[in-house]
Structures are given as structure tokens and as C-alpha cells.
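> What follows is a predicted structure for the sequence shown.
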Amino acid sequence: MTAEVTASAGVPRLSVQGISKSFEAIHALRDVSFDLAPGEIHALVGENGAGKSTLVGVITGLLQADHGHVLLNGTDVRFHNPLEARTKGVAAVFQDPNLFPHLSIAENIVTGAYPRKGPLLDLAAMRGLARTKLEQLGFDLDPDRLVAELTVAEAQFVEIARAVEPGLQLLILDEPTSALTPSEAGRLYTMVEALKAAGTTVVWISHRMDEIRRLADTITVLRDGQHVVTAPASELGDDDMIKAMVGRSVALQRVPRTEELGPVRLRVRDLNLAGTFADISFDVAEGEIVAIAGLVGSGRSEIQQAVFGLSPEVTGTIEVDGEAVRPDSPAVMARKGVVYLPEDRDAEGIISSMSITANIALPSIRSLSKAGFMAPRKERALAAGQREALSIKGEISALVSSLSGGNRQKVALARWLATNPRVLLLDEPTHGIDVGTKVQVHDMMRRLARQQRMAILMVSSDLPEVLAVSDRVLVIRRGRLAATIDIEDATQENIMAAATAGRVEEGTK
């Protein structure tokens, strides 16, 4: 984990000078310039679409700049691909893991540098190398496990382990904690601080103010593809940072509910899935937002997936508006007005190669078609209405792959909202999106619950989000319901106490 420092004293580890990049008529970056010092943690922040990912692409060779220069330790470099960048000590770990799902953890970690014994792969050496690296980084994973079996958080650890090599000069981490529990994030913070102590420069891309405050020495803000400010973290307050990001003050806060709750819309009783969770019972009323909290691997997402019909072997009873429903498949649940937005929006929530219009219209094909043929005018009208309602940036004819993460999340949500659901299941609804878009999503959730009278069941690892938008919190620990806490009594501390110790808080029900 030691960086091979080759720069002269006072020379920036990395310098971007006048970087510009356009995609046809879209100016993703305009004359961006700033420096990164050796052995610092440098936070790169901005709204989705601000240009952060494009800049990382230019630095790592994934993209080529139209204008400008990148200097590594004072030397002008232009990498042609990320592999070339890695050979020079520059690596990036992106928000969505990019691993080989049908290979083992060990095989993924040593990709491109497999140890050999003569003409054959040295499997024992490969496992040993992977195990040693995982242990050094504090990641408790079996090198022989298939990546396809991993959680999002575990896959993130494997990506990081693959990137950390001897001679690492610059490590870029894009939303590295978006799917991690506080304890998992803490292990990652410790690893990053160790890299910094060894002389590696770390670029930390995040929308979470608390971790930026904990880690960052320096903060750079991008807005609309332009550099706004680079300053020591001690000189840039939270409100100043947010204003620089979005051009206005934004507050993540609870908005008290004044509307009365309606009758129970979703009733779950004695839900069981062998080896995953047991004896889960709860209600979600019309107009209510209920959050499921707990550690990654506790069974919280699996409970939500079972309600949507993704686990046909589940036992127990589910009622929607008083009618018993057997969750045999997502199609059955969707017909009953229950829809689900998964955490991995790119793989499961949208079809990136299709347009905004086609994505939004997909679940509504029956209502938009006549005699087996789509009605293009109705399709466009539906997409345009959802685009306006959710403030999705981009023409409705644009490919979803061209959108920022926050706007892809909105498209994934819009395609289900267009079906007028009664129960909305959201898994990490603001995963990897900026603070401005997060506030928009929270406002939209409140509107859907309080004005359109939907029942919302949300899984979230973001405890400030849980406290800001939910009416009640279900805490899951090791597949069991450890506590149900009314929001007036909820704090981050008692939620985490229930999640880690399984203690039912006094006064909860």
C-alpha cells in the first residue's frame, strides 16, 4: 500500500489544466483546472451532471479531453485506457462495481496478473495473494466466493482491493460508501487514511457531508462542468459548499406530516424465507412512509423483494387493501398495484440502451397499445408528463445511458409511477445521487404519500434520510424484526443500537 513518490518537493501529485470535454452539443467540462497534493484526501463534489465522472474518465484514460492537459508528478500524461493509467499508479473505483460475476473474488482481484506455475495458473498462490490483500485492507471475504453471490457492498470491497497495488500514486473512489453500513464505512475510512499516510493521494467523490468532513483535507466543487472552488476543507463550510454545488442553500430536514393516515394498505404477517429472515410482520398505511433499517446482510432488502414476488418460496400472508395476495411473481404484485424500485438501478431498474420514453412506457404497454401496436402519441405524452413531474433533465428521446445517476434514478422511478401504484417499494432510493436531487426525491416521496395516498416501504442505509422522510422505522437484525420505532422517538443512536444489539427500544411496538 506504499506509494512510490516520484514528484519533486512542491510538485502536485496531479494537476488538471484547462480540461474541456464535449459530447456533441453537451459541454460536460469547460476549462477545468486544479491541483491535487501528494498524500492528501481530496474531496471532489458537485451535483449529478456536474462533470465529476467525465473528469475522472479523462484522468484515467477512459475518455480523451478535447482541450487541456493532465500532469502526473509534473509530467504531462495522456492515458489511452484505464489499464495504461494503472501501470502508472492511477486507479479508479466507480460507484457501480465492474467485476466479472462468474469468476471468484481471487480471480477478480488478480485480473491481468495471474500467478503461474509453469504454463498453468497457480491457484494456491492466487488465493494467497487475494487473501493477504483483503486482510491488509480489513475486508473479511472468502477469496473463493463467486462475485455473483456478493452484495453490492462486498463487490465494492473487491473493486477497491483490485485497485490497491504497490506503487499506487492516485486512487479515485466514486461514492464508495453509498451501499455500506456505518461499520463497513468505518473500515473503509481507516484504509483510506492508511493510504494517505503511505503517500497515496485519494480523490473522494461523495454526496455525504459527514464523511467529507471526516476525511477531506481539500475540497473541489464542480458545477455545470465548470470549476467553482478549490479550498482547504477547514475553510469551506457545509452551507458554502452546498451553495457552490447547486447555486442555492439546500437543507435535508424533516417535514412534519399534517395529513391523517388512511387504512392499512399493505399488511404483512409471519413472513418467512428459510435462511434469510423469519417471523416478519408489519403494516404500512395509506399515506405513510415506513423505513426498513439495519446492517447490510440483515435481510432488509430480501424482505422487500419477497413482498414484490421475487421469492416465490416465501411463506406467510400479504394483504393489499385488505385483499390476500400470494406473492408468486412480480407480475402478480404489479397487477395488485405493488411496484418495486431496486437498489441497482442500472442493472435492474432501467434499460440504459433505450430512450427515456421507451423506459417510462415499458410497464404501461397494455394501456398504451391498441390491437397489439403501441400508440406513439400516448407513449410520448406519458413520458413527457413524467419527465415534467420528476424534473428529469434531457429530451424524452435521449438514451437513458446519457443521463446522470440522479436522472437515471428518476427515470427508474417514473416508469413505475406511470402505472399509478398503490404501494411503492424503494430500495436505497437516493443511492449515489447529489444533495440537491436527494431533496427533490424526498419531496416527491412525501407528495406521493401525503397527497396521492400511496403507501411507501423504503430500505435505506442513510440514517439522516430515514429520519427525514419516514413516519416509522422497522429495524432488522439477522433476519428478525428487532424494533419498530415511531419517528418522534427515533435517533441514529437507537436505530443503530437495535440493528447491532437486537435490543427492542422501550416504548416501541
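Cool, got the structure.
> how much space between Glu323 and Ala50?
Per C-beta to C-beta, to the nearest Å, Glu323 is found 46 Å from Ala50. Using the backbone N, CA and C atoms, a C-beta is placed for each residue, glycine as well.
> more neighbours, these two?
Per other C-beta atoms under 10 Å, whichever of Glu323 and Ala50 has more neighbours is Ala50, with 24 against 9.
> Okay, and that one sits in which element?
Under the criterion DSSP states H and E, no helix or strand holds Ala50.
> Is it in contact with His227, as I believe?
No: using C-beta atoms under 8 Å, Ala50 makes no contact with His227, being 10.2 Å away.
> Could you report the neighbour count for the nearest residue to Ala285 once chain neighbours are set aside?
Leaving aside its chain neighbours, Ala285 sits nearest to Leu261 (4.3 Å; criterion: C-beta to C-beta, 6 or more residues apart in numbering). Per other C-beta under 10 Å, the neighbour tally for Leu261 reads 17.
> pretty sure Leu261 contacts Ile289?
No: applying C-beta under 8 Å as the test, Leu261 and Ile289 come out as separate, 10.3 Å apart.
> tell me, what's touching the two both at once?
Shared contacts of Leu261 and Ile289, defined by C-beta atoms under 8 Å, 6 or more residues apart in numbering, comprise Asp471.
> Could you pull up phi and psi at the residue lying farthest from the centre of the chain?
The C-alpha centroid of the chain is most remote from Gly118, which lies 42.3 Å away (C-alpha atoms, centre = their mean). Dihedral pair for Gly118: phi 70, psi -130, per degrees, to the nearest 10.
> List the residues that contact it.
Residues counted as contacts of Gly118 (C-beta under 8 Å, 6+ apart): none.
> Could you do Val246 as well?
The contact partners of Val246, by C-beta under 8 Å, 6+ apart, come to Glu47, Arg223, Asp434, Val435, Gly436.
> Pull the most distant pair out of these.
Taking C-beta to C-beta as the measure, the contacts of Val246 span a maximum distance of 12.5 Å, between Arg223 and Val435.
> overlap in contacts of the two?
Common neighbours of Arg223 and Val435 (criterion: C-beta under 8 Å, 6+ apart): Glu47, Met245, Val246.
> Check the last one and give its pLDDT.
This means Val246. Val246 carries a pLDDT score of 73 in this model.
> any idea how far His207 is from it?
Per C-beta to C-beta, Val246 is found 11 Å from His207.
> thinking again about what came up before, just the ones of the contacts of Val246 in helices?
Applying DSSP state H to the contacts of Val246, the entries found in helices are Val435, Gly436.
> Which of the contacts of Val246 sits closest to His102?
For these, the residue nearest His102 by C-beta to C-beta is Asp434; the value is 33.5 Å.
> any low-confidence regions in the stretch 1-150 of the chain?
Residues of the stretch 1-150 of the chain meeting the criterion pLDDT under 70: 1-9, 25, 96-97, 112.
> How about the stretch 301-450 of the chain?
Residue ranges of the stretch 301-450 of the chain with pLDDT under 70: 344-349, 368-374, 432, 434.
> Where do the helices of it begin and end?
For the stretch 301-450 of the chain, the helices defined by DSSP state H, counting those that start in this stretch cover 330-335, 356-361, 365-368, 376-390, 405-417, 435-450.
> Of these, which is nearest Gln156?
When the helices of the stretch 301-450 of the chain are compared for distance to Gln156 using C-beta to C-beta, the nearest one is helix 405-417, at 15.3 Å.
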